[in-house]
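# pasting the structure only:
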């Protein structure tokens, strides 16, 4: 089947021909991003060419430009989406405000019910998730923030369809004829029966009358859900909250009888939150972000391999955000540093592709922005974020690197890149070593509150692992004070003879200490002092790169260390 994103698609649901003022390179770049998204975040360059209908030379230029922007990276012949791309979806979610206002209530409900809870909004004749509070089990919901589902196969769909116009229903009917198996919705299995379609309009009327809706295994066997609309102060549906379970835990009837009342109570609290929320702070008078200068410099450096209009067009999306849900053309130009003409053509193109809508003089982002990489990247873990940065550091310093977290009184390796030397530090992922005798352990211990740190050291038996191991808690307390002050730890042959390492902290979006990274080497490689003068700056720069990705990724999703 021809890809729904292919520029030469003959699919009757394909977008109409672009307007004359549309930016063709921006259209091509977005097609590539959507194919990468649907492929799970990784795809071969040849596969991208076949899926989009673009020539290989064009694919190379598009991916080269996206890599320059930090939106993807190359792994051999594969293109891989990078966390920084989430700034596009973050712009939409921040402008929407609903996740910031309601996600904590959804998380609390999921904890209370011990079931997964979702928030979704309308996107055309589908629904798109804006928040997921997933309960982790062997049978666990796999939907992600940004996933698009056909309205007729979901619990939120009938509720959102109560606000459809005649044109919306016409598009829905057209889609039923064009895509009877729902192949245009990669987040769900193909439709095997037409029940969801034949009674959808009846379910919409029931939802209108009752104020709630059910999904009884319409997505796949075993999955059941109940949904209730969350209404804005003006009475329109702001989003839909749903509780999702499995038939091994609830039938549709028991889900309705046992959990629907608690869902409705939670929705009442959410609606009160929306009504009481103060208006967003107006955007500060923006100064140009230097985009024009950056793109010009990139064009000069990379020549024809850098597509300036693609970079500028995507950056228009980031002009929106908290307090910037609606922007005029002038405000978009000011926020990005682009000329009005350039910003206007980008907005026309984004509007043609369904990522922007216009209301009088102002423009708004649509949920479709989340289709640009957000679903696969929303499942990103700290180890996945750190891995390419650690690999780059290993190549630069030619020594092994790793990332570790506290695990009881030990540190546990979460990611490791070996330098490939004959005499090399080979730390296996999952391996645990005593925190008191390692550089990563001391960084993590130094970051603990003083009382917790003292209590840990008092209970740990600090045995001598080598002749140089510090074993007295009072001595280690002084070392940890210095580590906290200096922002790094250097451990020389205390864990193992001949082994030296230096580590720095990695902080989360709120400034909390979440992990430590280190460089490990044989003590004969370089003097300890040289580790501080040459390795430490590179290590800190790597930590800064990891933190930048974590801060973008963690704006609306939780970033776990690894996915179990």
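Okay, I see it. Keep in mind it's a predicted model, so treat the numbers as computed, not measured.
# need the pLDDT of residue 459.
At residue 459, the model reports a pLDDT of 88.
# contacting residues around it?
residue 409 (Cβ atoms under 8 Å, 6 or more residues apart in numbering). For the C-beta atoms, the positions are set from N, CA and C on the backbone; glycine is no exception.
# could you redo the last one with a cut-off of 10 Å?
409, 473 (Cβ atoms under 10 Å, 6 or more residues apart in numbering).
# now swap in residue 36 and tell me
Counting by Cβ under 10 Å, 6+ apart, residue 36 has contacts 42-43, 47-48, 51, 63, 66, 71-72, 78-81, 85, 372-373, 376.
# list the buried ones in the helix or strand in which it is found?
Element membership for residue 36, per DSSP states H and E: helix 24-38. Residues 25-38 are the ones in helix 24-38 that count as buried (16 or more other Cβ atoms under 10 Å).
# so how far is residue 549 from the closest residue to residue 321 other than its chain neighbours?
Of all residues not flanking residue 321 in the chain, residue 94 sits nearest, at 4.3 Å (Cβ to Cβ, 6 or more residues apart in numbering). Applying Cβ to Cβ, to the nearest Å, the value for residue 94 to residue 549 is 18 Å.
# which strands and helices sit next to the host helix or strand of residue 515?
Using DSSP H and E, residue 515 falls within strand 513-522. In this structure, strand 513-522 packs against helix 382-397, strand 400-407, strand 410-417, helix 439-446, strand 489-492, strand 499-507, helix 536-553, with contacts taken as 3 or more Cβ pairs under 10 Å, 6 or more residues apart in numbering; DSSP states H and E.
# repeat that with 6 Å
Packing partners of strand 513-522 (3 or more Cβ pairs under 6 Å, 6 or more residues apart in numbering; DSSP states H and E): strand 400-407, helix 439-446, strand 499-507.
# give the partner strands of that strand in its sheet and their orientations.
Partner strands for strand 513-522, per DSSP bridges, with pairing direction: strand 400-407 (antiparallel), strand 499-507 (antiparallel).
# the helix or strand following it: which residues count as buried?
Using DSSP H and E, the helix or strand that follows strand 513-522 in sequence is helix 528-530. The neighbour-count criterion (16+ other Cβ under 10 Å) identifies no buried residues in helix 528-530.
# ok now helix 528-530, how far from the chain's centre?
Distance of helix 528-530 from the chain centroid (Cα atoms, centre = their mean, to the nearest Å) equals 38 Å.
# what's in contact with it?
Applying Cβ atoms under 6 Å, 6 or more residues apart in numbering, the external contacts of helix 528-530 come out as residue 492.
# can you rerun that using 10 Å?
With Cβ under 10 Å, 6+ apart, helix 528-530 has contacts from 490, 491, 492, 493, 500, 502, 536.
# in this structure, which residue is most central in space?
For the chain, the residue nearest the mean C-alpha position is residue 378 (3.0 Å; Cα atoms, centre = their mean).
# surely it meets residue 384?
No - taking contacts as Cβ atoms under 10 Å, residue 378 lies outside contact range of residue 384: 11.9 Å.
# mutual contacts of the two, please.
553, 559.
# against residue 344, how distant is residue 79?
30 Å.
# per-domain residue ranges of the chain.
The chain is divided into the following domains under automatic domain parsing: 24-90+284-376, 98-276, 382-553.
# nearest to residue 559, of the ones you listed?
For the domains of the chain, distance to residue 559 was read as Cβ to Cβ. The smallest value, 5.3 Å, belongs to domain 382-553.
# distance between that closest one and the chain's centre?
Here domain 382-553 is found 27 Å from its chain centre; the criterion is Cα atoms, centre = their mean.
# quick one: end-to-end distance for that domain.
End-to-end distance for domain 382-553, by Cα to Cα, to the nearest Å: 10 Å.
# any weak-confidence spans in the stretch 351-500 of the chain?
Low-confidence segments of the stretch 351-500 of the chain (pLDDT under 70): 421-426.
# quick one, helices of the stretch 101-250 of the chain?
Here the stretch 101-250 of the chain has its helices, by DSSP state H, counting those that start in this stretch, at 156-161, 166-178, 195-198, 200-210.
# now the angle between helix 166-178 and the last one, please.
Spelled out, that is helix 200-210. Counting by axes from the mean of the first three to the mean of the last three Cα atoms, to 10 degrees, helix 200-210 lies at 140 degrees to helix 166-178.
# what residues sit buried inside helix 200-210?
In helix 200-210, counting by 16+ other Cβ under 10 Å, buried: 200, 203, 204, 207.
# okay if I get the residues you listed as JSON lines plus pLDDT?
As requested, the buried residues of helix 200-210 are exported to JSON lines (pLDDT from 0 to 100):
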{"residue": "200", "pLDDT": "95"}
{"residue": "203", "pLDDT": "96"}
{"residue": "204", "pLDDT": "97"}
{"residue": "207", "pLDDT": "97"}
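# so residue 63 sits in a strand?
No - assignment of residue 63 by DSSP: H, G, I helix; E, B strand; the rest coil gives helix, placing it outside any strand.
# excluding its backbone neighbours, what's nearest it?
Leaving out its chain neighbours, residue 63 is closest to residue 79 (Cβ to Cβ, 6+ apart), at 5.0 Å.
# name every strand pairing with the helix or strand containing that neighbour and say which way it goes.
Using DSSP H and E, residue 79 maps to strand 78-81. The strands beside strand 78-81 in its sheet (DSSP bridges) come out as strand 42-44 (antiparallel), strand 72-75 (antiparallel).
# average pLDDT for it?
Mean predicted lDDT for strand 78-81 stands at 97.
# the helix or strand of the chain with the lowest mean pLDDT - contacts with which helices or strands?
When each helix and strand of the chain is scored by mean pLDDT, DSSP states H and E, helix 291-302 comes last, with a mean of 79. Helix 291-302 sits against helix 56-68, helix 308-317, helix 329-336, with contacts defined as 3+ Cβ pairs under 10 Å, 6+ apart.
# what angle sits between that helix and helix 329-336?
60 degrees.
# before we move on, back to that, quick one: which of the helices and strands packed on helix 291-302 is nearest residue 471?
Across the helices and strands packed on helix 291-302, closest to residue 471 is helix 56-68 (Cβ to Cβ), at 48.7 Å.
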